[in-house]
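J.: Need coordinates for the below:
(one chain, ligands or ions: 1)
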Amino acid sequence: MEILYLGNELLRQKALPVKPINREYEKIAEEMIEIMHLGKGVGLAGPQVGLMKRIFVVHIERDEPRVFINPTIIGTSQEQESYEEGCLSVPGVWEDVIRPRKVQVQAWNEKGRPFTLEADSILARVIQHEYDHLEGILFIDRLSEIQRNKALAKWEKRRRA
Ligand code: NI
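T.: Predicted structure coming up:
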């Protein structure tokens, strides 16, 4: 597995449901968590490593790594929050993104067990960011035009360096 970067078409495609959730996914989740840790990221989605399946992993501070397979966002709060986001597929770029502060998600873990989770703050943010990856959406898509141009200029400069 290798991280794909902005410009790679796979990052713009919709990921497919995992069916069935078999033992293979324990191994895949483990590998994804390792890559996320190596990159010092707090989340990583299948498409970011060229795996076009609906799976992502999240590991925020003071929490365990979490695996989400075939997730559904079943609710979001009216209340929104702005927070700085980055992405392992767009290294070096950080911008404030506005998102709902809380999210309710239903998914299966790497053992194929279903769960429902109510998350807020950073966990909710990372879940929404990673969920977007499954839809081919990147955080830069959620920026204002001015912010996005600034982010893309930073990205271009960094890529040429
Ligand atoms: Ni990302």
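J.: in this structure, what secondary structure element scores lowest on mean pLDDT?
T.: helix 145-160 (a mean of 91; mean pLDDT, DSSP states H and E).
J.: Okay, buried residues for it please.
T.: Using 16 or more other CB atoms under 10 Å as the test for burial, helix 145-160 gives A151, W155. Using the backbone N, CA and C atoms, a C-beta is placed for each residue, glycine as well.
J.: Off-centre distance for that helix?
T.: Using CA atoms, centre = their mean, to the nearest Å, the distance from the centre of helix 145-160 to the centre of the chain it belongs to is 20 Å.
J.: for stretch 26-36, same thing?
T.: Centre-to-centre, stretch 26-36 and its host chain are 14 Å apart (CA atoms, centre = their mean).
J.: Quick one: classify the residue positioned nearest the centre of the chain as helix, strand or coil.
T.: Central residue of the chain (CA atoms, centre = their mean): E130, 1.8 Å from the mean position. Assigned by DSSP: H, G, I helix; E, B strand; the rest coil, the conformation of E130 is helix.
J.: what do you get for Q106?
T.: Following three-state DSSP, Q106 is assigned to strand.
J.: Quick one, grab the pLDDT at it.
T.: Per-residue pLDDT puts Q106 at 98.
J.: got a list of what it touches?
T.: Contacts for Q106 (CB atoms under 8 Å, 6 or more residues apart in numbering) come out as P71, T72, I74, P114, F115, T116, L117.
J.: Please report which of those residues has the highest neighbour count.
T.: Within those, P71 tops the neighbour count with 20 neighbours, counted by other CB atoms under 10 Å.
J.: Okay, and it sits in which element?
T.: Secondary-structure element containing P71, defined by DSSP states H and E: strand 66-76.
J.: average model confidence for that strand?
T.: What strand 66-76 shows for mean pLDDT is 98.
J.: In the sheet, which strands lie alongside it, parallel or antiparallel?
T.: Strand pairing for strand 66-76, determined by DSSP bridges: strand 55-58 (antiparallel), strand 102-108 (antiparallel).
J.: I'm done for today, thanks for sticking with me.
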